[in-house]
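>>> what would the 3D arrangement of this be:
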Amino acid sequence: MQTHEKTFRVRNFIGGRWEEHDGLSAEPVYDPATGRVIAETPLSTREEVDRAVRAAEEAFPRWAATPVVERARLLFRFKMLLEERFEELRDLVTLENGKDAKDAAGEVRRGIEVVEFACGMPTLLMGETVRDVARGIDNVSWRYPLGVVAAIAPFNFPCMIPLWTLPVAIGAGNTYILKPSERTPLCSQRLGELLIEAGLPEGVFNIVNGARDAVNGILEHPGIKAVSFVGSKPVAEHVYRTGCAHGKRVQALAGAKNSMIVMPDAVLEKAVPNIISSAYGNAGERCLAGSVLVAVGSGEEQDRLVRKVREAAASLKVGPGYEEESELTPLIRDSHRERVKSYIDLGEEEGAEVVLDGREPPRGGGFFMGPTILDRVTGEMRVAREEIFGPVLSVVRVRTLDEAIEFTNASPFGNACSIYTESGAAVRHWRERIEAGMLGVNVGVAAPMAFFPFNGIKDSFYGDLHATGKDGVRFFTENKVEISRFFSDPDDVMPAVAYPEEAGA
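Have a look, this model is predicted:
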């Protein structure tokens with residue numbers, strides 16, 4: 001279904017009420033495939049953040065006291081509604097982000113999987129116990145919600161990333177404020193509508209749209225206990241430093257520069273399509289994109305790999321996500337397209353060989369860009385070290401696996417790394433030495449399932465507890481550890497009762 005002709009109204013949702021944005025400035029929301037304005041995002045101020053916090057604070061005591069099984073039942077209803085509206089959510093992702101229907105469907109599915117995980121909150125909130133840690137003394141721990149928490153989401157996964165935190169946070173008993181990307185606010189609004197339909201009480205979930213002022217209002221507000229963020233490295237660092245300076249618990253998922261290491265024994269017929277999907281899926285606008293191809297082996301083996309990857313990339317069908325045959329979809333904004341072009345120019349200036357050039361838009365309208373391959377990139381080049389976030393694949397040539405590991409580990413980022421090989425020994429050698437938090441073996445997008453943490457390291461993550469999995473539950477809860485004993489004998493507090501038969505009645 002093509003939903004790209006519709007215009008949407010974007011509103012804040014505070015204390016159970018949708019609010020018009022009269023008096024607020026706004027930013028246009030584009031359909032990346034056409035460049036048409038489809039909505040306007042209100043740019044909220046600290047005042048809107050403060051009202052959302054007060055509404056969430058008011059709702060917190062009652063929601064935190066709601067039995068966890070009742071909260072889980074609401075999440076089951078929410079999950080059912082997400083399934084019923086699956087295609088609608090998929091089309092919204094395609095409309096506001098631009099990705100194709102297959103990728104958009106995958107995003108919605110991965111978000112729903114986090115809801116499924118959070119439906120197990122009665123088990124996930126179980127504490128720990130040890131009896132008789134000393135004579136007559138028991139030790140137990142209990143998990144409690146933090147209070148008001150917030151999430152700041154990026155543009156590239158407008159449905160999935162809000163669902164990374166939303167079900168876990170509210171399932172654990174917190175009240176929640178979502179700041180969607182000002183570029184892609186539509187999915188977040190629809191999620192709010194479905195939560196209302198599922199029966200979520202007023203104030204438990206709030207949306208504050210906006211940009212810099214809203215973000216800083218969240219980071220500096222004393223009523224917010226924890227902030228989860230996903231975005232670029234500079235902003236992640238700002239979020240982490242500012243949030244922590246204001247006494248908050250912060251998880252900030254940042255940028256990436258992920259290597260895909262291809263060994264000489266890789267099964268190229270299977271590996272190459274996987275490499276193409278990783279590098280060019282969602283136009284390269286994802287933090288798990290394989291943006292550096294590290295070719296291991298002889299010059300002849302490297303030439304063969306580059307030739308096959310180039311042939312596959314050059315054959316990609318560039319087009320809007322709502323056309324079934326499209327394989328390379330548009331970038332999010334024209335300004336971002338210009339930024340990606342500038343990196344291709346830079347790579348050429350640095351000495352890389354442009355073996356496939358996508359700088360000339362392959363079709364009119366929208367923010368399209370063709371697939372690009374920069375060959376013979378070296379570790380000193382910026383295109384080897386900096387996140388481009390577009391359909392650009394840099395090829396680095398090395399002789400050995402150890403050289404590939406050394407190149408990869410020199411990156412300040414540590415989000416993900418993949419290896420293509422049939423050698424178990426090579427995989428083990430690589431796994432033990434590589435500095436990345438998510439690893440793929442013949443898998444180009446090493447995305448963990450919802451019950452595992454999204455585990456970036458180094459400059460790809462600021463914080464201690466990652467998003468999703470048990471880390472996500474720990475992030476949104478606090479432990480209380482209790483040690484107890486009792487001095488009285490049972491008979492002292494529960495004296496014997498003379499029953500009638502004992503009294504001879």
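>>> ok, and what's touching the biggest helix by length in the chain?
If you go by DSSP state H, the chain has its longest helix at helix 46-65. Residues from elsewhere that reach helix 46-65, judged by Cβ atoms under 8 Å, 6 or more residues apart in numbering: 12, 14-16, 19, 24, 71, 144-145, 147-148, 170, 173-177, 201-204, 206, 208, 210, 213-214, 216-218, 221, 223-224. All C-beta spots, glycine's among them, are computed from the backbone N, C-alpha and C.
>>> give me the neighbour count for P32.
30 (other Cβ atoms under 10 Å).
>>> my guess is I224 contacts K248, does it?
Yes: look at I224 against K248 with Cβ atoms under 8 Å: they come within range, at 6.3 Å.
>>> who has more neighbours, those two?
I224 (26 against 22).
>>> what sits against the more buried one?
Going by Cβ under 8 Å, 6+ apart, I224 touches V53, V148, V149, A150, I177, I218, K248.
>>> now do the phi/psi pair for the second one.
With angles defined as degrees, to the nearest 10, V148 shows backbone torsions of phi -90, psi 130.
>>> and the buried ones among the contacts of helix 46-65, selectable in PyMOL?
Command for PyMOL, covering only those of the contacts of helix 46-65 found buried under the criterion 16 or more other Cβ atoms under 10 Å:
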select buried, resi 12+14+15+19+24+71+145+147+148+170+173+174+175+176+177+203+204+206+208+210+213+214+216+217+218+221+223+224
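>>> which pLDDT value belongs to the residue nearest to A52 when sequence neighbours are not counted?
The shortest distance from A52 to any residue that is not its chain neighbour, by Cβ to Cβ, 6 or more residues apart in numbering, is 4.2 Å, and that residue is N206. In this model, N206 is scored at 98, pLDDT.
>>> of the contacts of I224, which is the nearest to V140?
Proximity of the contacts of I224 to V140, judged by Cβ to Cβ, is greatest for V149, which lies at 24.9 Å.
>>> might one say that that closest one is in contact with F229?
No: with contacts defined as Cβ under 8 Å, V149 does not count as touching F229, sitting 11.8 Å away.
>>> wait, W164 touches E113, no?
No: assessed by Cβ under 8 Å, W164 is found out of contact with E113, at 10.2 Å.
>>> so between these two, which is more surrounded?
Comparing W164 with E113 by other Cβ under 10 Å, the one with more neighbours is W164, at 23 against 17.
>>> can you give the contact residues for the helix or strand where that one lies?
Secondary structure here is read from DSSP states H and E; on that basis W164 sits in helix 160-171. Taking contacts as Cβ under 8 Å, 6+ apart, the residues outside helix 160-171 that touch it are 63, 68, 71-72, 75, 78, 107-108, 110-112, 114-115, 117-119, 121, 124, 149, 151, 153-154, 176, 178, 180, 187-188, 191, 200, 204-205, 228, 230, 454, 467-468, 472-473, 476.
>>> now stretch 323-336: average pLDDT?
When pLDDT is averaged over stretch 323-336, the result is 97.
>>> and that stretch, end to end?
Looking at stretch 323-336, the gap from its leading to its trailing residue is 23 Å under the measure Cα to Cα, to the nearest Å.
>>> quick one: low-confidence parts of the protein?
Low-confidence segments of the chain, defined by pLDDT under 70: 1-5, 494-505.
>>> what packs against the helix or strand in which V306 is found?
With the criterion set as DSSP H and E, the secondary-structure element containing V306 is helix 299-314. Judged by 3 or more Cβ pairs under 8 Å, 6 or more residues apart in numbering; DSSP states H and E, the packing partners of helix 299-314 are helix 268-280, strand 290-296, strand 353-356, strand 372-375, strand 392-398.
>>> report the inter-axis angle for the next helix or strand along the chain from it versus strand 392-398.
Along the chain past helix 299-314, the next helix or strand (assigned with DSSP H and E) turns out to be helix 334-350. Helix 334-350 and strand 392-398 are oriented at 30 degrees to each other (axes from the mean of the first three to the mean of the last three Cα atoms, to 10 degrees).
>>> what comes up buried for helix 334-350?
Under the neighbour-count rule (16+ other Cβ under 10 Å), helix 334-350 has H336, R337, V340, K341, Y343, I344, L346, G347 buried.
>>> what ranges do the strands span in the stretch 351-500 of the chain?
353-356, 372-375, 392-398, 413-414, 416-420, 438-441, 457-458, 461-462, 477-484 (DSSP state E, counting those that start in this stretch).
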